[in-house]
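Undergrad: Got a predicted structure plus its sequence, pasted below:
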Amino acid sequence: MHQAKLTLDPAFTIAPVRRRTFGTFVEHLGRCVYTGIYEPGHPTADEDGFRRDVLDLTRELGVSVVRYPGGNFVSGYRWEDGIGPVSQRPRRLDLAWHSTETNEVGVDEFVRWCRKAGVEPMMAVNLGTRGIAEALDLLEYCNHPSGTALSDLRVAGGSKEPHGIRMWCLGNELDGPWQTGHKTAHEYGRLAAETARAMRTIDPALELVACGSSGSGMPTFGAWEATVLEEAYDVVDYISCHAYYQEHDGDLGSFLACSTDMEYFIRSVVATADSVGARLKSRKRIDVSFDEWNIWYQTRNRDAEPLTDWPVAPRLLEDQYHLADAVAFGGLLITLLRNSDRVTAACLAQLVNVIAPIMTEPGGRVWRQSTFHPFAQASRHAAGDVLRVEPVTPSYETKAYGEVPVMDAVATHGEDGTTVFAVNRSADRPVSLEIDARALGGVRVVEATTLTDPDVYARNTADEPDRIAPRANPDVEADPLRVLLPPVSWNVIRLA
Ligand code: AHR
């Protein structure tokens, strides 16, 4: 058995918990929109064609903000295709995913869905094939109350109230050669800056996100952020990070520690942004919007047969997540929370069917993947301030990251109590975690749950939807306060 320790002291706070940490993403990709959030004719469909079963699970997941409509999709998207009478909307080729886009769902339907789900919409503009004018048109269409051609079009389409979208992404992954309209950092930085400046003329209070790198392994990583921010520093609020992880060649130890890369990624981007700020003699601080993160088996995708026709809503990126995925995922959540001083928004990519916590059958059932649970628990219980817990833990050697801690943890502390979120990455040994809670005075464990399974590759399916789900952890001792974390597990310990 491993021994580990952490300390809870409300005096040592990192930052407030940011509700936008619990964002997700809906892209016109595969079955995320069609037969995901939207399926008229489904037994649970509401009057707008939205699946009520998916809406219910979105609420249960505790989602705060949802990014839309892409992703790679947005870089070829004409937003006007998705407004007006549905029967008159054009069908278009979607180059990003080699699919046919029917445009049955557009910005008005998406915002309506957001209102029903109780989430904030976050919109991306197309800076791949389009530019400043189209971004301004979309902003005016969405947010201007009425009395102009575009805002009156929205009103005529049934959305009387402005959509009031605060957060806008200036394009998507334009550093990536796969992106339609791929650009150099300088080309993108200029376009992002001028688009932001113009959008701010309509509304200075918008929150604008410049595209950072598509991953810390990109050849332009670091230089891209510096160049883009040198152009856009004064007119944007965020720089984005995107990261996906998977197990390679059966190397479970490295995979469970993939948050090591996320931590490095965040620190590097923050340092780069601050160094640009210093050079510009600016007192402003740029935050990180980690607006795509997840486990994604991209190598499987690469090996899949390429699409030769242009299907509508094909099955794409429908990864099935197992226990080990959920534990690696939990490590990523811990890292996002621990960096709440600079990561003030994040979007799990994506919400339904496409590398998603929620899965559906067309016309049929809905179920929670293993990764649903760490997200839902963290969103439900992370409140107040994030605490610096200074874990003391044994380490192990990994091929990808060298020495890494066996246990990783973070805690939050608010009016309703204190919650510890912890992962045990050991494949074969439990961790006996001692929690020094003296600074909290007389608290006890009110609930301890663990997400684990004897088979780390066990997963949930439509037929067995609850194989991987949090269960009560019976191994709790009161004095000293100790909780046993099973091998390969995600754990939530609530104290009050
Ligand atoms: O989330 C899937 C894809 O991953 C997105 O469309 C793109 O932005 C990223 O490469």
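TA: Great, that's in hand.

Undergrad: Around the ligand, pick out the residues from the stretch 1-150 of the chain.
TA: Contact residues (Cβ under 6 Å from any ligand atom) of the stretch 1-150 of the chain with the ligand: 27, 70-72. Glycine gets a C-beta too; all of them are placed from N, C-alpha and C.

Undergrad: how many other residues sit next to the residue in the chain positioned nearest to the ligand?
TA: Closest residue of the chain to the ligand, Cβ to the nearest ligand atom: Gly71 (3.0 Å). Neighbour count of Gly71, defined by other Cβ atoms under 10 Å: 26.

Undergrad: Glu361 too?
TA: Using other Cβ under 10 Å, Glu361 has 13 neighbouring residues.

Undergrad: All further residue positions should be reported with the first residue as 10.
TA: Got it, first residue is 10 now, which makes that one Glu370.

Undergrad: just to revisit the earlier point, quick check: the residue of the chain closest to the ligand touching Cys41?
TA: No. Assessed by Cβ atoms under 8 Å, Gly80 is found out of contact with Cys41, at 9.1 Å.

Undergrad: Other residues contacting stretch 58-72?
TA: 31-33, 45-51, 53-55, 113, 121-122, 125-128, 360-361, 366-367, 369, 375, 377, 381, 384-385, 388-389 (Cβ atoms under 8 Å, 6 or more residues apart in numbering).

Undergrad: if you set the cut-off to 6 Å instead, what comes out?
TA: Under the criterion Cβ atoms under 6 Å, 6 or more residues apart in numbering, residues 31, 33, 46-49, 51, 53-55, 122, 125-126, 128, 361, 367, 375, 384-385, 388-389 lie in contact with stretch 58-72.

Undergrad: cool, and stretch 198-206?
TA: Residues outside stretch 198-206 that contact it (Cβ under 6 Å, 6+ apart) are 136, 141, 144, 179, 217, 219, 236-237, 240-241, 244-245.

Undergrad: where are the low-confidence patches of the stretch 310-459 of the chain?
TA: The model of the stretch 310-459 of the chain has pLDDT under 70 over residues 310-313.

Undergrad: Give me every residue in it lying close to the ligand.
TA: Residues of the stretch 310-459 of the chain found near the ligand (Cβ under 6 Å from any ligand atom) are 358-359.

Undergrad: just the helices in the stretch 310-459 of the chain please.
TA: Using DSSP state H, counting those that start in this stretch, the helices found in the stretch 310-459 of the chain span residues 332-347, 381-390.

Undergrad: Comparing those helices, which comes out most buried?
TA: helix 332-347 (a mean of 26; mean count of other Cβ atoms under 10 Å).

Undergrad: And for that one, what's in contact with it?
TA: 30, 264-265, 267-268, 271-272, 302, 304, 352, 355, 379-380, 383, 387, 395, 417, 419, 430, 432, 460, 462, 465, 467, 477, 497, 499.

Undergrad: what residue ranges in the stretch 60-209 of the chain score low on pLDDT?
TA: Counting by pLDDT under 70, the stretch 60-209 of the chain shows no low-confidence range.

Undergrad: May I see the buried residues of stretch 371-378?
TA: Of all the residues in stretch 371-378, those buried under the rule 16 or more other Cβ atoms under 10 Å are 375-378.

Undergrad: Can you convert those residues into a markdown table and add a column each for distance to Arg163?
TA: Shown next, in a markdown table, are the buried residues of stretch 371-378 (distance: Cβ to Cβ, whole Å):
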| residue | distance to Arg163 |
| --- | --- |
| Val375 | 31 |
| Trp376 | 36 |
| Arg377 | 35 |
| Gln378 | 36 |
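
Undergrad: Sitting in strands, which of these do you find?
TA: Among the buried residues of stretch 371-378, DSSP state E puts 375-377 in strands.

Undergrad: want to throw these into TSV with distance to Asp184?
TA: Putting those into TSV (distance: Cβ to Cβ, whole Å) gives the following:
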residue	distance to Asp184
Val375	35
Trp376	35
Arg377	34
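
Undergrad: how deep is the nearest residue to Leu17 once chain neighbours are set aside tucked in, by neighbour count?
TA: Spatially, and ignoring its direct neighbours in sequence, Leu17 is nearest to Ala446 (4.8 Å; Cβ to Cβ, 6 or more residues apart in numbering). For Ala446, the neighbour count with other Cβ under 10 Å is 21.

Undergrad: ok, Ala446 - contacts?
TA: 17, 452, 490.

Undergrad: Around the first one, count how many other residues there are.
TA: Leu17 has 23 neighbours, counted by other Cβ under 10 Å.

Undergrad: One more: Glu486?
TA: Here the number of neighbours of Glu486 (other Cβ under 10 Å) works out to 12.

Undergrad: what pLDDT does it get?
TA: Note for Glu486: predicted pLDDT of 96.

Undergrad: From Thr428, how far off is it?
TA: Using Cβ to Cβ, to the nearest Å, Glu486 is found at 18 Å from Thr428.

Undergrad: ok, Val432 to Ala387 distance?
TA: Taking Cβ to Cβ, one finds Val432 at 12 Å from Ala387.

Undergrad: okay if I get the residues of the stretch 10-159 of the chain next to the ligand as CSV plus distance to Asp437 and secondary structure?
TA: Converted to CSV, these look like this (distance: Cβ to Cβ, whole Å; DSSP: H, G, I helix; E, B strand; the rest coil):
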residue, distance to Asp437, secondary structure
Glu36, 38, coil
Gly79, 41, coil
Gly80, 39, coil
Asn81, 40, helix
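
Undergrad: those helices in the stretch 160-309 of the chain, which residues are they?
TA: Under DSSP H, counting those that start in this stretch, the stretch 160-309 of the chain gives helices at 194-211, 232-241, 261-265, 268-288, 307-312.

Undergrad: Same list (the ones you listed) but as JSON lines, adding mean neighbour count.
TA: Below are the helices of the stretch 160-309 of the chain laid out as JSON lines (neighbours: other Cβ atoms under 10 Å):
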{"stretch": "helix 194-211", "mean neighbour count": "19"}
{"stretch": "helix 232-241", "mean neighbour count": "22"}
{"stretch": "helix 261-265", "mean neighbour count": "21"}
{"stretch": "helix 268-288", "mean neighbour count": "18"}
{"stretch": "helix 307-312", "mean neighbour count": "10"}
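
Undergrad: could those go into JSON lines alongside distance to Leu64?
TA: Formatted as JSON lines, these follow (distance: least, Cβ to Cβ, whole Å):
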{"stretch": "helix 194-211", "distance to Leu64": "30"}
{"stretch": "helix 232-241", "distance to Leu64": "36"}
{"stretch": "helix 261-265", "distance to Leu64": "33"}
{"stretch": "helix 268-288", "distance to Leu64": "30"}
{"stretch": "helix 307-312", "distance to Leu64": "28"}
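
Undergrad: just to revisit the earlier point, with distance to Ser284 added, can I get the helices of the stretch 310-459 of the chain in TSV?
TA: Converted to TSV, the helices of the stretch 310-459 of the chain look like this (distance: least, Cβ to Cβ, whole Å):
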stretch	distance to Ser284
helix 332-347	22
helix 381-390	31
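
Undergrad: so which of these gets nearest Ile295?
TA: For the helices of the stretch 310-459 of the chain, the distance to Ile295 is smallest for helix 332-347, at 17.0 Å, taking Cβ to Cβ.

Undergrad: Let me see the ranges of the strands in the stretch 60-209 of the chain.
TA: 74-77, 101-103, 108-110, 129-134, 176-179 (DSSP state E, counting those that start in this stretch).

Undergrad: what helices or strands is the fourth one leaning on?
TA: On a contact count with 3 or more Cβ pairs under 6 Å, 6 or more residues apart in numbering; DSSP states H and E, strand 129-134 meets strand 74-77, strand 176-179.
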